[in-house]
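Asks: just to be clear, the model below is a prediction. Sequence and coordinates:
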Amino acid sequence: MSAIDLWFIINSTIVLATIYGTLGIGISITWSSLGLLNLAYGFIFSLGGYGAWLVAQYLTSWGPAIIVAGILSGAFGGVIVCVLAFIPMHDKPNFTVRGLVATLAISLIGTQALLWYFGPYARNLPPIFGDWDISFSGVVLTSDIVGSVLASILMLAAVLKWMRSSRRGLEIRAMMMNPHAASIVGIGVRRTSFYVMAITGGLAGLAAVLLSQTYYVSPFGGLMPMIKGVSIALLGGLGSVSGAVIAAIILALAEALTASQIGGQYVLITQFLLIIAILMIRPRGIAGILDKAREA
């Protein structure tokens, strides 16, 4: 393996791990706090991308404004899912299955709505981090790589800091540990769910903007990122933020190695084989905190 191939693998692993990790952490937080496996995450992802595209197309091409537009659009999509899929049925029997079906339906309907309004054509966003690069020892880091990694890390750090220091964040953490006990001590499940879905939707919106630097925005563009996000959440252990981070690094490394050594068409095959192998050894994932109350 040449030095160029090695650098390509390291570079791809870092970028993919930060972006896919953002999606996986959002899905893990939603499950552990609300008991909802959000299959509408792909629709939220696409909605965030189109929100950023509208701002770039009609208002401004300033990078920070586009990023904020994507985050806010994703947060709005998360609130929509909360209103339609969580609030009406979170206290109904078999909520896990009901929520799964409801979010899948929202994803299908929402994707068709985006297809109807924006058409089937892919849209591209302008370079949101400028056009510069950093070179050292023959290694070149482009603006989109550096910007994507820093934006993902800063967003996740801000979310985790907010969850550790604010009242609403502590309520979310309490629900992640034990939702039944949290409701007993007076934490409003419905009120807190809006914060959870807005935050995780914002993470999806950010990921959409960052991935748009490599891929295009399209109605069905959120399908593959959703698959990657759910895979990371399952591999890391549903509900575990640290497990999702580790799983994102593992799957990103597997994707980079596969694309470099075998071919991009085999990426999903190798990733799912790896997931199956790890889950056979650790059924709860790398660091799952799936509580017994949830299983009951």
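Replies: Sure, I can see it. Numbers count the residues shown, from 1 in each chain.
Asks: what sits against the residue nearest to residue 63 when sequence neighbours are not counted?
Replies: Distances taken as C-beta to C-beta, 6 or more residues apart in numbering put residue 128 closest to residue 63, at 3.6 Å, once the chain neighbours are dropped. All C-beta atoms are positioned from the backbone trio N, CA, C, and that covers glycine. Neighbour list for residue 128: 63-64, 66-67, 144, 147, 209, 213 [criterion: C-beta atoms under 8 Å, 6 or more residues apart in numbering].
Asks: pull out the buried residues from the strand or helix carrying residue 274.
Replies: In the assignment (DSSP states H and E), residue 274 maps to helix 267-281. Using 16 or more other C-beta atoms under 10 Å as the test for burial, helix 267-281 gives 267, 270-271, 274-275, 278-279.
Asks: try stretch 91-98
Replies: Using 16+ other C-beta under 10 Å as the test for burial, stretch 91-98 gives 95, 98.
Asks: could you give the separation between the terminal residues of it?
Replies: The straight-line separation of the ends of stretch 91-98 (C-alpha to C-alpha, to the nearest Å) is 11 Å.
Asks: quick one: which of the contacts of residue 128 has the most company?
Replies: residue 209 (29 neighbours; other C-beta atoms under 10 Å).
Asks: for residue 151, see how far away the nearest residue to that one once chain neighbours are set aside is.
Replies: Nearest residue to residue 209, sequence neighbours excluded (C-beta to C-beta, 6+ apart): residue 70, at 3.7 Å. Going from residue 70 to residue 151 by C-beta to C-beta, to the nearest Å gives 10 Å.
Asks: equivalent analysis for residue 254, please.
Replies: Computed as C-beta to C-beta, the residue 254 to residue 151 distance reads 24 Å.
Asks: ok, now residue 225?
Replies: Applying C-beta to C-beta, the value for residue 225 to residue 151 is 16 Å.
Asks: report the beta-bridge partners for residue 140.
Replies: Judged by DSSP bridges, the bridge partners of residue 140 are residue 135.
Asks: what's the burial count for it?
Replies: Residue 140 - counted by other C-beta under 10 Å - has 11 other residues nearby.
Asks: likewise the one 3 residues further on?
Replies: Residue 143 has 17 neighbours, counted by other C-beta under 10 Å.
Asks: wait, doesn't it sit right on residue 131?
Replies: Yes: taking C-beta atoms under 8 Å as the definition, residue 143 is a contact partner of residue 131 at 6.2 Å.
Asks: helices of this protein, start to end?
Replies: Per DSSP state H, the chain carries helices over the ranges 3-34, 41-58, 63-81, 95-118, 143-165, 167-177, 179-184, 189-211, 223-236, 241-261, 267-281, 292-295.
Asks: of those, give the one that comes closest to residue 88.
Replies: helix 95-118 (8.4 Å; C-beta to C-beta).
Asks: against which helices or strands is the closest one packed?
Replies: helix 41-58, helix 63-81 (3 or more C-beta pairs under 8 Å, 6 or more residues apart in numbering; DSSP states H and E).
Asks: that older thread, can you redo the helices of the chain as TSV with mean pLDDT?
Replies: Output for these, formatted as TSV (pLDDT from 0 to 100):
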stretch	mean pLDDT
helix 3-34	84
helix 41-58	95
helix 63-81	95
helix 95-118	94
helix 143-165	89
helix 167-177	85
helix 179-184	77
helix 189-211	93
helix 223-236	88
helix 241-261	87
helix 267-281	86
helix 292-295	42
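Asks: gap between residue 141 and residue 125?
Replies: Distance from residue 141 to residue 125, by C-beta to C-beta: 20 Å.
Asks: the two: who's more crowded?
Replies: residue 125 (24 against 14).
Asks: so what pLDDT did the closest residue to that one other than its chain neighbours get?
Replies: Distances taken as C-beta to C-beta, 6+ apart put residue 212 closest to residue 125, at 4.5 Å, once the chain neighbours are dropped. On pLDDT, residue 212 comes in at 83.
Asks: roughly how far apart are residue 212 and residue 171?
Replies: From residue 212 to residue 171 the distance is 33 Å (C-beta to C-beta).
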